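> Task: produce atomic coordinates for the following.
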Amino acid sequence: MKSDIHPNYRDVIFFDTSSDFKFLTKSTIETSETIVWTDGNTYPVYKIEVSSESHPFYTGKKMLLDTAGRVEKFNKRYAKK
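Down below sits the predicted model:
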């Protein structure tokens with residue numbers, strides 16, 4: 001392999017901020033923060049908003065969206081006068 005052309009492939013912790021779930025995997029993503037893992041080693045951490053621990057498809061929980069307010073606002077704004 002040629003040197004200095006491949007990204008740094010290393011262990012990275014992905015941290016789901018919505019459910020406080022963390023998992024360790026390998027990645028080439030660049031991060032500036034680090035965290036101490038349960039094995040005592042320090043790893044780079046990358047914060048994500050959705051993972052399998054918090055996604056409605058995997059958890060079976062439905063998310064409630066406020067669509068009624070949006071529809072009423074639209075109808076009010078563009079109703080025939």
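> Kindly provide the distance from Val36 to Ser54.
Val36 is 23 Å from Ser54, where distance means CB to CB, to the nearest Å. Heads up, the C-betas are built off the backbone N, CA and C, glycines and all.
> which of these two has more neighbours?
Ser54 (17 against 11; other CB atoms under 10 Å).
> Got the confidence number for the residue lying closest to the more buried one once chain neighbours are set aside?
Leaving aside its sequence neighbours, Ser54 sits nearest to Ser19 (CB to CB, 6 or more residues apart in numbering; 4.1 Å). Looking at Ser19, its pLDDT is 83.
> Just say helix, strand or coil for Ser19.
coil (DSSP: H, G, I helix; E, B strand; the rest coil).
> How much space separates it from Glu49?
From Ser19 to Glu49 the distance is 10 Å (CB to CB).
> Same question for Ser27.
17 Å.
> Those two - which one has more neighbours?
Shown here are Ser27 and Glu49; by other CB under 10 Å, Ser27 has more neighbours (16 against 10).
> Please name the residues that touch the more buried one.
9-10, 12, 14, 46 (CB atoms under 8 Å, 6 or more residues apart in numbering).
> The residue lying closest to Tyr43 once chain neighbours are set aside: helix or strand, and which one exactly?
The shortest distance from Tyr43 to any non-neighbouring residue, by CB to CB, 6+ apart, is to Ile13 (4.9 Å). Element membership of Ile13 [criterion: DSSP states H and E] is strand 10-16.
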